[in-house]
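1. structure, please.
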Amino acid sequence: MISLKSKREIEIMRQAGEILKLVFKQVEPAVQAGVTTNDLDAIAEETIRKAKGEPAFKGYRGFPKTACISVNEEVVHGIPGPRKLKAGDVVSFDIGAKVNGYYADSARTWVVGKVSDKIARLAAAARGSLLEGLSAYKPGCRIGDLSEKIQQYIEGQGFQVVRDYVGHGIGRAIHEEPAVPNYGKAGQGLKIQPGLVLAIEPMVTEGHYGVETLEDGWTVVTRDRKWASHYEDTIAFTEDGYMNLTGESI
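-> Residues are numbered from 1 along each chain as shown. Down below sits the predicted model:
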């Protein structure tokens, strides 16, 4: 069932989004060679709790940590641990926060030190595709209008779009209907109405888009072990357009 949000509900979700912005501000400078993914997770949890929020992922379906931190060929749902980052790594950092019963969800991809031009483009492609997708929004459009733009942008950069994982609605649950594919055709999918809040999250692969889950039951990696990037924002659609609740105004 699709749940449209009131202005009051969107305002609470905006507050959760502000906490995630603060998390990114604290974590990004710490993404350095020699830092462990556990270290980054600890910064995230401390920041959320100090801001009077709750970590959305910790304990969700048994997930043991606050953030999903995925490195290089890991696409999503990487579990933080003792792994030390090294120069040249690509780090996707996915985080959620809950405030007064409502959620926000967001992800960023960063690089550690210097990387090749291709990897720099890969790291930037997920963000660029989200911005491109949102550029297709107009009143009465459908999710497929955004999906097609996202896919076209990514493939135009020479990369591929993950099919097995998609964006989602969000509100009183971290994952709600509808599904938001990062591929598709304009004119298809749910019509976007005022009050709809979506977590749009392109996942981009350097090679083939096929993925698989490791034995830990969480970490999703590319089948060909080529690298990936991930970017996500929580977007609220209103009578006046839309608001990015977790990132830059667009």
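2. which residues of the protein fall in helices?
-> 7-27, 37-50, 117-135, 143-156 (DSSP state H).
3. report the angle between the axes of the first one and helix 37-50?
-> By that I understand helix 7-27. With axes from the mean of the first three to the mean of the last three CA atoms, to 10 degrees applied, the angle from helix 7-27 to helix 37-50 works out at 140 degrees.
4. please identify the most buried of the helices of the chain.
-> helix 143-156 (a mean of 22; mean count of other CB atoms under 10 Å). Where you see a C-beta, it was placed from the backbone N, CA and C, and this is true even at glycine.
5. which of the helices of the chain sits closest to T213?
-> Among the helices of the chain, the nearest to T213 by CB to CB is helix 37-50 (17.9 Å).
6. could you dump the helices of the chain to JSON lines with distance to Y231 and mean pLDDT?
-> Shown next, in JSON lines, are the helices of the chain (distance: least, CB to CB, whole Å; pLDDT from 0 to 100):
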{"stretch": "helix 7-27", "distance to Y231": "11", "mean pLDDT": "98"}
{"stretch": "helix 37-50", "distance to Y231": "17", "mean pLDDT": "98"}
{"stretch": "helix 117-135", "distance to Y231": "4", "mean pLDDT": "97"}
{"stretch": "helix 143-156", "distance to Y231": "10", "mean pLDDT": "98"}
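7. a markdown table please, covering these and showing distance to V204.
-> Shown next, in a markdown table, are the helices of the chain (distance: least, CB to CB, whole Å):
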| stretch | distance to V204 |
| --- | --- |
| helix 7-27 | 19 |
| helix 37-50 | 20 |
| helix 117-135 | 5 |
| helix 143-156 | 5 |
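8. so which of those helices is nearest K226?
-> Here helix 117-135 is closest among those (CB to CB), at 9.1 Å.
9. distance check, the residue nearest to D216 when sequence neighbours are not counted against K191.
-> Nearest in space to D216, with sequence neighbours left out and distances taken as CB to CB, 6 or more residues apart in numbering, is I79 at 6.1 Å. Distance, I79 to K191, by CB to CB, to the nearest Å: 37 Å.
10. ok, those two, which is more surrounded?
-> Applying other CB atoms under 10 Å to I79 and K191 shows that I79 carries more neighbours, namely 21 against 11.
11. my guess is the more buried one contacts V220. True?
-> No: applying CB atoms under 8 Å, one finds I79 not in contact with V220, separated by 11.2 Å.
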